[in-house]
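Undergrad: predicted model follows, preceded by the sequence.
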Amino acid sequence: MYKKITLVLFSILTCSLTFSQINLGLKVGVTESFLQDKVGSSSQNYNFRTGYQIGAFAEIPLNRNISLHPSLQLTQKGFKKVEGTNGTAFYWNRNFWTSYLELPLDVVYNFQLNQNAKIQVGTGPVFGIGLFGKNKTIITGSDSAGQVHTEYWEGNDAFDKRFDLGWDFLLNFKCHRVSISVNYNHGLFNLLTDGDHTAKNRSFALTLGYLLKNK
């Protein structure tokens, strides 16, 4: 009986100590993203689109030098693509953006610079679910009679598949409670249902973070 009580108390104490070591923070930043598009053996990368990222994160120490950095963040992605010249017989302009709720799970190695500053390098999976977005396209072309026509299309149906899976690479500088992070998220999941046509997210993020406790 005493052994069971001791074991329960030890488990509670261990969980309390682990929880007390968790450091929570908030972050905000900008993203630069594009889409890698491939049809058969032909592939192309669309132009970067600037977006935002906002969320919360945690630092969970696993040992002296290694920690787990999960985040819950809203990330804007997308791309831009312009071909031809506006006002001519050929012009194609597409502006595509999506917003994802993401859960990165980075395992981080800490390089201590001094008592208050460190550099953190990490990597891990990123799970995402598409929430909302917009697809805006302008196409100008000429018909067989040489007449120029312009079509405008805009819609909120920006997802073929909403689930996304990627791999994150993290470089972070932390001093006291403030951190500056650079992330690269390499999408692994095909966002399209067409088996011959694949499209995968690629995105960079620069964020400023603030920790609630100075550790």
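TA: Okay, I see it.

Undergrad: quick one, what contacts the residue nearest to residue 113 when sequence neighbours are not counted?
TA: Nearest in space to residue 113, with sequence neighbours left out and distances taken as CB to CB, 6 or more residues apart in numbering, is residue 119 at 6.4 Å. Placement of C-beta: from N, CA and C, glycine included. Residue 119 makes contact with 110-111, 113, 171-174, according to CB atoms under 8 Å, 6 or more residues apart in numbering.

Undergrad: any idea which of the residues you listed is the one closest to residue 197?
TA: Top of the list for closeness to residue 197, among the contacts of residue 119 and by CB to CB, is residue 171 at 33.1 Å.

Undergrad: is it correct that the closest one is in contact with residue 181?
TA: Yes - Residue 171 lies in contact with residue 181 (CB atoms under 8 Å); the separation is 7.0 Å.

Undergrad: the more surrounded of the two?
TA: residue 181 (23 against 14; other CB atoms under 10 Å).

Undergrad: in the sheet, who's paired with that one?
TA: In this structure, residue 181 bridges to residue 172, residue 207 when assessed by DSSP bridges.

Undergrad: tell me the contacts of it?
TA: Going by CB under 8 Å, 6+ apart, residue 181 touches 27, 29, 170-173, 205-207, 209.

Undergrad: ok, back up a step: among the contacts of residue 119, the buried ones, what's the PyMOL command?
TA: Buried residues within the contacts of residue 119, by 16 or more other CB atoms under 10 Å, are selected in PyMOL with:
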select buried, resi 110+172+174
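
Undergrad: and of the contacts of residue 119, the nearest to residue 50?
TA: For the contacts of residue 119, with residue 50 as the reference and CB to CB as the criterion, the closest is residue 171, at 20.1 Å.

Undergrad: from residue 160, how far out is the closest one?
TA: Between residue 171 and residue 160 the distance is 32 Å, computed by CB to CB, to the nearest Å.

Undergrad: same question, residue 78
TA: Distance from residue 78 to residue 160, by CB to CB: 14 Å.
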